[in-house]
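A.B. asks: Fold the following.
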Amino acid sequence: MDPSSDHTGDPADDPVGGPADAPTGAPVGGPANDPTNAPISAPSNAPISPLEQALHAARALVLADLAAGEVAASDVVSMVEDSVVQRRWWVGQWPEGAEFVAGLVAQDVQDALLESYGRWPLCPVCGSGDPHALDVEPELGPDPHWVCHKAGMKIAAVGSLRTAAGGTGSP
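C.D. replies: Sure, this is the predicted structure:
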């Protein structure tokens, strides 16, 4: 190091973009690297697109069913979010399929839970035999319902499992 230089080797004394140049309280690297300094945007008055509305509705319906079964732990909610992200792409490619998204998200979460935890949702009406999961019908269509194939009946609309907890369903 040149003894005539003002540079002492301390990064705080670095004359180009070092911590000495950062505003007081800013993290090293400057305010641009601090996520807390991101601009806060005002709420948009733009309407939410029909595709986003369908995705939000699907998320809410599946979360309601998970809560009804008391399985809405954070890792399970993450499964819902993962499905919504994947279905956002899918519905972006096929906008006419927006009305099918709730059933697809329910099926995605059901599949993910089967791999991690076991069958969900369990049938609330069949009291005898092995516990079994409900299925979503139609597999690809509007107005998805949870169905018990063993009893041959609709149990509840996706999003309404709480009302089926008493064992009521319709053939």
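
A.B. asks: Output the contacting helices and strands for the helix or strand where V85 lies.
C.D. replies: In the assignment (DSSP states H and E), V85 maps to helix 74-93. Under the contact criterion of 3 or more CB pairs under 8 Å, 6 or more residues apart in numbering; DSSP states H and E, helix 74-93 touches helix 50-68, helix 101-116. Yep, even glycine has a C-beta here, placed from its N, CA and C like the rest.

A.B. asks: closest to A157 out of these?
C.D. replies: Nearest of the helices and strands packed on helix 74-93 to A157, taken as CB to CB: helix 50-68 at 8.1 Å.

A.B. asks: what about the closest one, distance to the chain center?
C.D. replies: Centroid separation between helix 50-68 and its chain, computed with CA atoms, centre = their mean, to the nearest Å, is 9 Å.

A.B. asks: again with stretch 96-112
C.D. replies: So, by CA atoms, centre = their mean, the centroid of stretch 96-112 is 12 Å from its chain's centroid.

A.B. asks: now do stretch 123-133
C.D. replies: 28 Å.

A.B. asks: Report the buried residues of it.
C.D. replies: For stretch 123-133, the neighbour count (16 or more other CB atoms under 10 Å) marks 123-124, 126, 133 as buried.
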